[in-house]
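Chemist: Need coordinates for the below:
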Amino acid sequence: MFNETFCKDDIRRIAIVGSGLAGLTAAIKLKQLGHEVTVFEKSRGPGGRLAAKRVSLGSAQGSVDMGAQYFTSRNPEFLPFLTEFAGNNSFSAWDGQFGFQDAKGQWQAFPEEPRYVGTPRMTAISRALSAHAAVVAQTRIERLIKTDSGWALFDADNQQAGEFDQVVITAPPAQARDLLAQSSLPELANQLDDAVSRVLPCWAVAAHFEENPWAHHEGMRCNHPALYWVANNSSKPGRNNSSEASSGAWWVLHATAQWTERNVEAPSEQVANELVAAFRELTGTKVAVTDTVTHRWLYARSEGGANPGHLWFQEQGIGLAGDWLSGGRVEGAFDSACSLVSAFTAQPVSR
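Modeler: The predicted structure is shown next:
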């Protein structure tokens, strides 16, 4: 049984698995309510799909956004939350022309809507939010073991990471299902089967061109067998901080889920070459590429299915939150975390 409530006095120590936007939002909200919260992150730092990679051009340094490309704020509480806990300097509006291809391949304009990005990279938001949480990095939680008072968490080296009253899991559904299955909770793990089947992979390539290869749009949703989305990363605010870094343009190319599935084990160099070739076919550009960076997302975005907002298994004291439970958009992670914390406390949670 899930999505039931309990009194906030019942919880004291809470573990959160995953330090993406959902995990950090939940940590901040629960900490505000007076609870002791620890966030465990398998990578070196927080971020989840708010991911960026460092790039260099001569002696200059920069970064490219390899995961989520922008976010919206349809929830009126989202931007105030970011302003309060990440700061005004951590994000900016991304102005520009955005287009999509219709069924005939013709370019149409995106609906008018403010779009935002982290500055000077998407990870700036998660880094700033993490300052308000106790984050234990480079610790992959592999299993939970039931104790008299709650759960003991064990990492990949079978070392105990602590004991907690409740656990919040904000990992992608496949990883959440694995964690539940490895924790002798098959009845909970099985409830994620449909969600796992709906999460799509994505190969991402950042390519540096000697000059801007396409001046008509800053971001494009493509109708192409290989490309799902392409964007001029250099057009985002805060990306060009020196004259050397601003020469040329970095574009990020996201492959379609179908193309990624067919090429999921392909070498990175091959992926980069084929997606750049697809971009040339899409735009007709012949501008030279001077560098590429690749990243394979096995769990990139969720498509379809139910959107319950969160899952709360009251009997076990385990909650799940993430954008995949709330529409798949970046701000869906915030919405999901807020709805889960509201279920914890049996009252609406706002900033």
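Chemist: show me what contacts Lys286?
Modeler: Shown here is Lys286, whose contacts under the criterion Cβ atoms under 8 Å, 6 or more residues apart in numbering are Arg280. To be clear about C-beta, it is placed using only N, CA and C from the backbone, and glycine gets the same treatment.
Chemist: Sticking with it, tell me its helix or strand.
Modeler: Assigning secondary structure by DSSP states H and E places Lys286 outside every helix and strand.
Chemist: Which pLDDT value belongs to it?
Modeler: pLDDT recorded at Lys286 is 98.
Chemist: May I have the phi/psi pair for it?
Modeler: Lys286 has phi and psi values of phi -120, psi 10 when expressed as degrees, to the nearest 10.
Chemist: shaky segments in the stretch 1-150 of the chain?
Modeler: Per-residue confidence of the stretch 1-150 of the chain (counting by pLDDT under 70) places the weak regions at 1-11, 57-60.
Chemist: residue ranges of the helices in it, please?
Modeler: Here the stretch 1-150 of the chain has its helices, by DSSP state H, counting those that start in this stretch, at 21-32, 78-85, 123-130.
Chemist: Could you check how far the last one is from the centre of its chain?
Modeler: Going back to what we said before, that points to helix 123-130. 12 Å (Cα atoms, centre = their mean, to the nearest Å).
Chemist: ok, now the longest one?
Modeler: For helix 21-32, the gap between its own C-alpha mean and the chain's C-alpha mean amounts to 15 Å (Cα atoms, centre = their mean).
Chemist: relative orientation of that helix and helix 123-130 in degrees?
Modeler: An angle of 20 degrees separates the directions of helix 21-32 and helix 123-130 when computed by axes from the mean of the first three to the mean of the last three Cα atoms, to 10 degrees.
Chemist: Mind giving me the packing neighbours of helix 21-32?
Modeler: Secondary-structure packing of helix 21-32 (3 or more Cβ pairs under 8 Å, 6 or more residues apart in numbering; DSSP states H and E): strand 13-17, strand 36-40, helix 123-130, helix 330-345.
Chemist: how about CSV for the ones you listed, with distance to Trp214 and mean neighbour count added?
Modeler: As requested, the helices and strands packed on helix 21-32 are exported to CSV (distance: least, Cβ to Cβ, whole Å; neighbours: other Cβ atoms under 10 Å):
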stretch, distance to Trp214, mean neighbour count
strand 13-17, 40, 25
strand 36-40, 39, 21
helix 123-130, 26, 23
helix 330-345, 24, 25
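Chemist: Put together TSV for the ones you listed, with distance to Ala255 on each row.
Modeler: Compiled in TSV, the helices and strands packed on helix 21-32 are given as follows (distance: least, Cβ to Cβ, whole Å):
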stretch	distance to Ala255
strand 13-17	28
strand 36-40	30
helix 123-130	22
helix 330-345	20
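Chemist: what's the closest of those to Glu77?
Modeler: Taking Cβ to Cβ as the measure, the helices and strands packed on helix 21-32 were each checked against Glu77, and helix 330-345 came out nearest at 7.5 Å.
Chemist: Tell me the backbone dihedrals of the residue positioned nearest the centre of the chain, please.
Modeler: Nearest to the centroid of the C-alpha atoms of the chain, with distances taken as Cα atoms, centre = their mean, sits Arg49, at 2.2 Å. Here the main-chain torsion angles of Arg49 (degrees, to the nearest 10) amount to phi -80, psi -10.
Chemist: Now for it: which residues touch it?
Modeler: Neighbour list for Arg49: 20, 67-68, 297, 300, 323, 330 [criterion: Cβ under 8 Å, 6+ apart].
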